[in-house]
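Trainee: show me how the following folds:
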Amino acid sequence: MTLTTQFYTMLAMAGMGAWLGASLDTYTRFVVRSKTARWL
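Mentor: Model prediction:
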């Protein structure tokens, strides 16, 4: 495995982690709104 492949893999993992975190945050913000406190 070359250094370029490792770098691209690391970028892909970071990008997918950011996308997954953003999508889960958006999901909880819109769907589970009734279970959270209203003043938050």
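Trainee: any regions of the protein where pLDDT drops low?
Mentor: The chain contains residues with pLDDT under 70 at 32-40.
Trainee: residue boundaries of the helices in it?
Mentor: 3-31 (DSSP state H).
Trainee: nearest the geometric middle of it, what residue?
Mentor: Nearest residue to the geometric centre of the chain (C-alpha atoms, centre = their mean): Gly21, 1.8 Å.
Trainee: return the alpha-carbon coordinates of stretch 11-18 using CSV.
Mentor: Output of stretch 11-18 as CSV, limited to C-alpha atoms (Å, rounded to 0.1, in the frame of the first residue of the first chain):
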residue,chain,number,x,y,z
LEU,A,11,-9.3,11.7,3.5
ALA,A,12,-12.2,9.4,2.6
MET,A,13,-12.6,8.2,6.2
ALA,A,14,-12.6,11.8,7.5
GLY,A,15,-15.1,12.9,4.8
MET,A,16,-17.5,10.1,5.4
GLY,A,17,-17.2,10.7,9.2
ALA,A,18,-18.1,14.3,8.8
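Trainee: got the buried residues for that stretch?
Mentor: Judged by neighbour count using 16 or more other C-beta atoms under 10 Å, stretch 11-18 contains no buried positions. Where C-beta positions appear, they are placed from N, C-alpha and C, glycine not excepted.
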